[in-house]
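[1] Pasting a predicted model and its sequence here:
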There are 2 protein chains.
Amino acid sequence: MFDAVDLGEEVTKGDFEQEEPQLHSQLLELQRRIGATSSAVVIVIAGVEGAGKGEVVNLLMKWFDARGVETNAFWDESDEERERPRYWRFWRALPGRGRIGIVFGSWYTQPIIDHVEQEDAPQALEPEIRRINNFEQALHDDGALIIKLWFHLSKKEQKHRIKSDRKDRKGNVSPLAKKYSKHYDDFARVCERVLRLTDRGACRWYLVGADNRHHRNRLVGRTLVSALEGFLNHPADSPEPSTPDPAPPVYYNSALEAVDLSSTITDDAYDEQLDELQHEIYQLAWRAHERDVSMAAVFEGWDAAGKGGAIRRFIQGMDARLYQVKQFAAPTDEERAHHYLWRFWRQLPRAGYSTIYDRSWYGRVLVERVEGFARPDQWRRAYGEINGFEEQLVEHGVVLLKFWLHIDPDEQLRRFQEREATPWKRHKITEEDWRNRERWDDYRQAVDEMIARTSTVYAPWTLVAGNDKHFARIEVLKTARDALKKAVS
Amino acid sequence: MFDAVDLGEEVTKGDFEQEEPQLHSQLLELQRRIGATSSAVVIVIAGVEGAGKGEVVNLLMKWFDARGVETNAFWDESDEERERPRYWRFWRALPGRGRIGIVFGSWYTQPIIDHVEQEDAPQALEPEIRRINNFEQALHDDGALIIKLWFHLSKKEQKHRIKSDRKDRKGNVSPLAKKYSKHYDDFARVCERVLRLTDRGACRWYLVGADNRHHRNRLVGRTLVSALEGFLNHPADSPEPSTPDPAPPVYYNSALEAVDLSSTITDDAYDEQLDELQHEIYQLAWRAHERDVSMAAVFEGWDAAGKGGAIRRFIQGMDARLYQVKQFAAPTDEERAHHYLWRFWRQLPRAGYSTIYDRSWYGRVLVERVEGFARPDQWRRAYGEINGFEEQLVEHGVVLLKFWLHIDPDEQLRRFQEREATPWKRHKITEEDWRNRERWDDYRQAVDEMIARTSTVYAPWTLVAGNDKHFARIEVLKTARDALKKAVS
């Protein structure tokens, strides 16, 4: 989750200053429109120490009209506060209808700190999660908009800030920052879990990279504009098909762009490794069968990225008694009559067997999102639903693999043309493929957000460089081999 | 919670048979109307062993048109089922849109059994609660109506059924029933917690007393009619002011009716006890102060039931430095601009101090419900929100007391007339009091439901017989004395 955050390294002071006047006037106008509604807006400023949250609050106070906005910083409990139940201070500080409340240090801080320090079982976090979700739900039910900003620093930058603080900027970094930089990984693990379990459609998290303050500030402005506009256009996730929202800002590095598409393999190496990997997988699949270990392998990717070929090479290495391949195209009438996850729940492998999914539940946040078959509130909700679904698979002991087969647009064009020119491949290319290709950028944005929001600790995505088909197949087989090996050993 | 369930002892076979034809035809018509929507209906049949859940399912199959309804019994996991994540079988069994699914034995069974048997910390239940709520929320978000029926047997009846089973009806009571009757109290404790944490506005529980099968069957029919009609009239808790729903059936014994209003106390005993109790409370309040223990005492009751007098006698026994009395009438503009709980959160006592609430957060489910100031989805949600609020108070160590001062309508009339006849009391009686009086039955229903749904293990209601004012005051003081004593010792 955090690895994917866009740190915006290239954004300059000039970039931000050029955009700021427009953000400023947009936010003032949106604040005025909020003032005419009966909804409060709660902006949560959370995230790691040293990310400059205080600076952000100051910036917001500059952008908004101070008469309609309140800021509350929660960090050092007063006697007054300690003497009441913990949420007392949060309730007191809530803005009224038509007003904006900035919450700096929030109901997230204490549970995270407690669990980093106490090394508790993950279970101990659950009552806190319930309380947070119930609290935010109550505000949401009451008509409020909750915008949750999480400020992220890379490990390197966090270390650097503390070091340079020691050398030349004494006093600008809080003692807390030093304390938590020592536990960076523990902290990240607990935060990841808290964020995942509190990232719900209507109260979702926006992850803001804070290594570069110009990027951070610009992204905060863009996020607020986008969230407020979306809310004012359709409050309370109205069930009518919505007018398209303005494109939201980008929070994540494109995971796809980081894939090295020049990766390749020689024919000899391919033949040799393919043979060996298939042999290993054959043995491992049988061993998994004996131990009642199942596997669910999801294949997603661009049209013509080579999903079919990779699946074929994968199953060639397995005893046909042990696997099933399931293709998921448009849902049938019966499937449409159920929750979108229903058809996938039905197709789970039995203990000791494997299911290969040729497209999957991710259709909800890919094709259904891009083509408008699902409303924004529906596909936004889906990330959390999918994470919960996969959590259950993994808890049950299923080996879950998720492959995205990646190619670039040029390679796709080459393959489309080749298919059209080859009689026995012509059936594989349709008008729809060409139409999808035209929406490449929309799809890429959906893929990047999908990877960022559903690449969990327990079910990460494997991004496969696919311009060289042979290379891709070997990558898939290696990943499967390693996962199976781990599960049966 | 379970103590309040109406066991309907007086309902006869004839009562049920007289109503059944109408219930039957209403349900068929409602089923037809559901068929024309894109919503699925999930009816959950849960509750204690031996309550006749199977009989209820058979009855439902008789009432509904079999072509649009499916029944799924979950109790004995098949191999097929054991080999998949636990929710696989529930997902598979979900009805499609426009259809009705009866779920007999459900996602509630296993978590409850596991936690009764394993004597786990309550915390261990939390991940299960999260999963249940997320599952039901996903179905709800998808447009489904979930009707959850919990069948309750009194301890006596459960014992009796097993005994008579041994004697003359061998085989009609399952072995499970025997097992759980031994752990009746453990079972009730775990169930209470699970029900409370999964009783949410749109997915709420209906508690059906099952000691008397005629009552049980009639109540099931009435509940389904009421729930389906309410849903079809305003799906998805539409935010518009709703047309009034048909009055829902009654699930709870009137806690009020069980109050013995003939209770009385002699003048001498009153004077003596009042003096002694006030003295004790004075000491205890100081001791509480020294130990940072706070008290929150809520006073609710009928108009002219004697709240004011009881509060006066209560605070006479305390040092004025240690308490505050807060009156809550209609909210101010500022208060109205916030969530309804906001003003109560603000007024929590500091550590070591007490707050007496002359009317309270329960206004949401009393006056706001009856007078239509809150929509049904709002006041229904409030029970859970209030339970969560009070849970936080109690966890923080606050001594929470909740008094309902009860009188009967005749006594109220007498007091109203006396007030009107007495010059210095005339200001205490208004037109509004007379108007409220006319809605006595509506209020009584709201009070009974309030008591049933918010009398939790950690924050029970104290119902005070108020026809004799002296008796009532002594009751209040005794309850407070005992609670304070326990908290400071």
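    Great, that's in hand. Quick caveat: nothing in here was measured; it's all calculated off a predicted structure.
[2] Now do the phi/psi pair for the closest residue to A:His338 other than its chain neighbours.
    Closest residue to A:His338 apart from its sequence neighbours, by Cβ to Cβ, 6 or more residues apart in numbering or on different chains: B:Gly96 at 5.5 Å. Backbone N, C-alpha and C define where each C-beta goes, glycine included. Main-chain torsions, B:Gly96, degrees, to the nearest 10: phi -80, psi 170.
[3] distance of the residue in chain A sticking out farthest from the centre from A:Ile429?
    What lies farthest from the middle of chain A is A:Pro423; by Cα atoms, centre = their mean that is 40.9 Å. Computed with Cβ to Cβ, to the nearest Å, the distance linking A:Pro423 and A:Ile429 is 12 Å.
[4] Surely the residue nearest to A:His338 touches B:Ala40?
    Yes: using Cβ atoms under 8 Å, B:Gly96 is in contact with B:Ala40, at 6.1 Å.
[5] quick one, which of those two is more surrounded?
    Using other Cβ atoms under 10 Å in any protein chain shown as the criterion, B:Gly96 and B:Ala40 rank with B:Ala40 on top: 23 against 18.
[6] quick one: contacts for the more buried one?
    Counting by Cβ atoms under 8 Å, 6 or more residues apart in numbering or on different chains, B:Ala40 touches A:337-338, B:94-101, B:139, B:142-145.
[7] same thing but at 6 Å, please
    With contact set as Cβ atoms under 6 Å, 6 or more residues apart in numbering or on different chains, B:Ala40 has these partners: B:Pro95, B:Arg97, B:Arg99, B:Ala144.
[8] So for the residue farthest from the centre of chain A, what pLDDT did the model give?
    Per-residue pLDDT puts A:Pro423 at 84.
[9] what helix or strand is A:Leu30 on?
    In the assignment (DSSP states H and E), A:Leu30 maps to helix A:13-35.
[10] Can you list the buried residues in that helix?
    For helix A:13-35, the neighbour count (16 or more other Cβ atoms under 10 Å in any protein chain shown) marks A:Phe16, A:Glu19, A:Glu20, A:Leu23, A:Gln26, A:Leu27, A:Leu30, A:Gln31, A:Ile34 as buried.
[11] tell me the angle the following helix or strand past it makes with helix A:13-35.
    Using DSSP H and E, the helix or strand that follows helix A:13-35 in sequence is strand A:41-47. Relative orientation of strand A:41-47 and helix A:13-35, computed by axes from the mean of the first three to the mean of the last three Cα atoms, to 10 degrees: 140 degrees.
[12] which residues are contacting strand A:41-47?
    Strand A:41-47 is contacted from outside by A:34, A:53, A:100-104, A:106, A:108, A:144-151, using Cβ under 6 Å, 6+ apart.
[13] could you redo the last one with a cut-off of 8 Å?
    A:34, A:53, A:56-57, A:60, A:94-95, A:99-106, A:108-109, A:139, A:144-153, A:208, A:210, A:224, A:228, A:231.
[14] Please pick the buried ones from those residues.
    By 16+ other Cβ under 10 Å, the contacts of strand A:41-47 give A:34, A:53, A:56-57, A:60, A:94-95, A:99-106, A:108, A:139, A:144-153, A:208, A:210, A:224, A:228, A:231 as buried.
[15] hang on, the earlier thing: can you tell me which of the contacts of strand A:41-47 are in strands?
    A:100-104, A:145-152, A:208 (DSSP state E).
[16] now do the same end-to-end measure for stretch A:425-435.
    Separation of the first and last residues of stretch A:425-435 by Cα to Cα, to the nearest Å is 19 Å.
[17] Now do that stretch: distance to the chain's middle.
    30 Å (Cα atoms, centre = their mean, to the nearest Å).
[18] buried sites along that stretch?
    Result for stretch A:425-435 [16+ other Cβ under 10 Å]: buried residues A:Ile429, A:Asp433.
[19] buried sites along the helix or strand hosting A:Gly308?
    For A:Gly308, the host element (DSSP H and E) is helix A:307-316. The neighbour-count check on helix A:307-316 (16+ other Cβ under 10 Å) flags A:Lys307, A:Gly309, A:Ala310, A:Ile311, A:Arg313, A:Phe314, A:Ile315 as buried.
[20] Now render those residues as a markdown table, adding distance to A:Trp434 and pLDDT.
    Below are these laid out as a markdown table (distance: Cβ to Cβ, whole Å; pLDDT from 0 to 100):
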| residue | distance to A:Trp434 | pLDDT |
| --- | --- | --- |
| A:Lys307 | 18 | 95 |
| A:Gly309 | 21 | 94 |
| A:Ala310 | 23 | 96 |
| A:Ile311 | 23 | 96 |
| A:Arg313 | 27 | 94 |
| A:Phe314 | 28 | 94 |
| A:Ile315 | 29 | 93 |
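[21] Show me how far stretch A:470-482 is from its chain's centre.
    Using Cα atoms, centre = their mean, the mean C-alpha position of stretch A:470-482 is found 24 Å from that of the whole chain.
[22] Please work out which helix or strand belonging to chain A has the smallest mean pLDDT.
    helix A:175-182 (a mean of 64; mean pLDDT, DSSP states H and E).
[23] thinking A:Gly388 is in contact with B:Asn133, fair?
    No: in this structure A:Gly388 lies outside contact range of B:Asn133 using Cβ under 8 Å: 10.7 Å.
[24] ok, back up a step: tell me which residues touch the residue nearest to A:His338, please.
    By Cβ under 8 Å, 6+ apart, the contact set of B:Gly96 is A:Glu334, A:Ala337, A:His338, B:Ala40.
[25] and if you look at A:Ala374?
    Residues near A:Ala374 by Cβ under 8 Å, 6+ apart: A:Tyr340, A:Arg364, A:Glu368, A:Ala382.
[26] Please report the confidence value the model assigns to A:Ala288.
    95.
[27] which residues touch it?
    The contact partners of A:Ala288, by Cβ under 8 Å, 6+ apart, come to A:Ser294, A:Met295, A:Gly352, A:Ser354, A:Val399, A:Leu484, A:Ala487, A:Val488.
[28] Please tell me which one of the residues you listed counts the most neighbours.
    A:Ser354 (27 neighbours).
[29] what's the distance between it and A:Tyr340?
    For A:Ser354, the distance to A:Tyr340 - Cβ to Cβ - is 23 Å.
[30] Enumerate the residues of the stretch 51-200 of chain A near chain B.
    A:80, A:82-88, A:91-92, A:94, A:96-99, A:123-124, A:126-127, A:129-131, A:134, A:138-139, A:141-142, A:144, A:197 (Cβ under 8 Å from any Cβ of the partner chain).
[31] now the spatially closest residue to A:Pro460 that is not a sequence neighbour, which residues is it bridged with?
    Closest residue to A:Pro460 apart from its sequence neighbours, by Cβ to Cβ, 6+ apart: A:Lys402 at 7.3 Å. Beta-bridge partners of A:Lys402, counted by DSSP bridges, are A:Val298, A:Trp461.
[32] check contacts around A:Lys402.
    A:Val298, A:Glu300, A:Thr454, A:Ala459, A:Pro460, A:Trp461, A:Thr462.
[33] again, only using 7 Å
    A:Val298, A:Ala459, A:Trp461, A:Thr462 (Cβ atoms under 7 Å, 6 or more residues apart in numbering or on different chains).
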